[in-house]
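Enquirer: Build me a model:
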Amino acid sequence: LFSWNSWWHGQQNANLCMTASDILTIRTLATRPNVWPLLPQLSSNQSGACVAPEFPTKHIVRFQMQQDNQLVYDASGVGISIATIVVDADTNAVDSGVIELQRDNDRSNYPVKSQSTVLLEVRNGGIRGNDGLAENDRVSITNFTYGLYRHDALVNGTIRTFLIPSLIANGTITYANGATAPYTTLVPLVSNESYSGS
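Expert: Below is the predicted model:
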């Protein structure tokens, strides 16, 4: 999962620094976890706008959901949290937390996509597409894993949760300004019609 230390180390290696605007973004991330993970794209440390770096004093610790020994992801490629704990870094005390109880799942066989279809969807950005990417940003895929995509659909008036076997593509985004960030997307291996609901 995300690490401020790793992120900041990567920014420093790219000769980037925080500006006052970046500090405001980080403070927003600290108070509104629903905007996660929209991290600031930092400026060159030669810009003259650098300020002392700042990080949230309250850290959100997420434990990723697993089912059948496979990690579970949402449509943006971010891990679904089974438990979330807010820790105050000043006191090392837990402020709050939420735990979701796992449920038993029904199981069925569904038609799978062909290898060529899966590879084409990976090249097109997977289920997240080009969301959050500009024309000159570049994505490098470094490894693939398998996991489950959690999809909630309305079926006959009832919300049903599908955990769909998926190919997870992991890598790095290199932004036009030289900054980097982790990248993850996924491609469900089951045909879309099998779980789109009706």
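
Enquirer: Quick check: bridge partners of residue 63?
Expert: residue 83 (DSSP bridges).

Enquirer: go on, residue 16?
Expert: Under the criterion used (DSSP bridges), residue 16 bridges to residue 44.

Enquirer: can you pull the contacts of it?
Expert: Residue 16 sits next to 42, 43, 44, 45, 177, 178, 179 when contact means C-beta atoms under 8 Å, 6 or more residues apart in numbering. C-beta: built from backbone N, CA, C; applies to glycine.

Enquirer: Of those, which is the nearest to residue 78?
Expert: Ranked by distance to residue 78 (C-beta to C-beta), the contacts of residue 16 are led by residue 179 at 19.1 Å.

Enquirer: Can you give me the neighbour number for that closest one?
Expert: Residue neighbour count, defined by other C-beta atoms under 10 Å, stands at 21 for residue 179.

Enquirer: of the contacts of residue 16, buried ones?
Expert: Among those, those scoring as buried are 42, 43, 179 (criterion: 16 or more other C-beta atoms under 10 Å).

Enquirer: Turn the residues you listed into JSON lines, columns for pLDDT.
Expert: Below are the buried ones among the contacts of residue 16 laid out as JSON lines (pLDDT from 0 to 100):
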{"residue": "42", "pLDDT": "90"}
{"residue": "43", "pLDDT": "89"}
{"residue": "179", "pLDDT": "83"}
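
Enquirer: in this protein, which helix or strand is least confident?
Expert: strand 58-64 (a mean of 81; mean pLDDT, DSSP states H and E).

Enquirer: Mind putting the buried ones among the contacts of residue 16 into JSON lines with distance to residue 191?
Expert: Below are those laid out as JSON lines (distance: C-beta to C-beta, whole Å):
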{"residue": "42", "distance to residue 191": "41"}
{"residue": "43", "distance to residue 191": "45"}
{"residue": "179", "distance to residue 191": "37"}
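
Enquirer: Once you drop chain neighbours, what's closest to residue 160?
Expert: residue 153 (5.7 Å; C-beta to C-beta, 6 or more residues apart in numbering).

Enquirer: typed the wrong thing, it's residue 81
Expert: Per C-beta to C-beta, 6+ apart, closest to residue 81 is residue 62, 4.3 Å.

Enquirer: So for the protein, the centremost residue is which one?
Expert: Geometric centre of the chain, nearest residue: residue 78, 2.8 Å, by C-alpha atoms, centre = their mean.

Enquirer: So for that residue, what's the pLDDT?
Expert: pLDDT for residue 78: 82.

Enquirer: And it, how close does it get to residue 170?
Expert: Per C-beta to C-beta, to the nearest Å, residue 78 is found 12 Å from residue 170.

Enquirer: pLDDT score for residue 38?
Expert: Residue 38 carries a pLDDT value of 68.

Enquirer: contacting residues around the residue lying closest to residue 100 once chain neighbours are set aside?
Expert: Excluding the flanking residues, the one nearest residue 100 by C-beta to C-beta, 6+ apart is residue 82, at 5.4 Å. Contact partners of residue 82, counting by C-beta under 8 Å, 6+ apart, are 63, 64, 65, 66, 99, 100, 102.

Enquirer: Buried only: go through those for me.
Expert: Among those, those classed as buried by 16+ other C-beta under 10 Å are residue 65.
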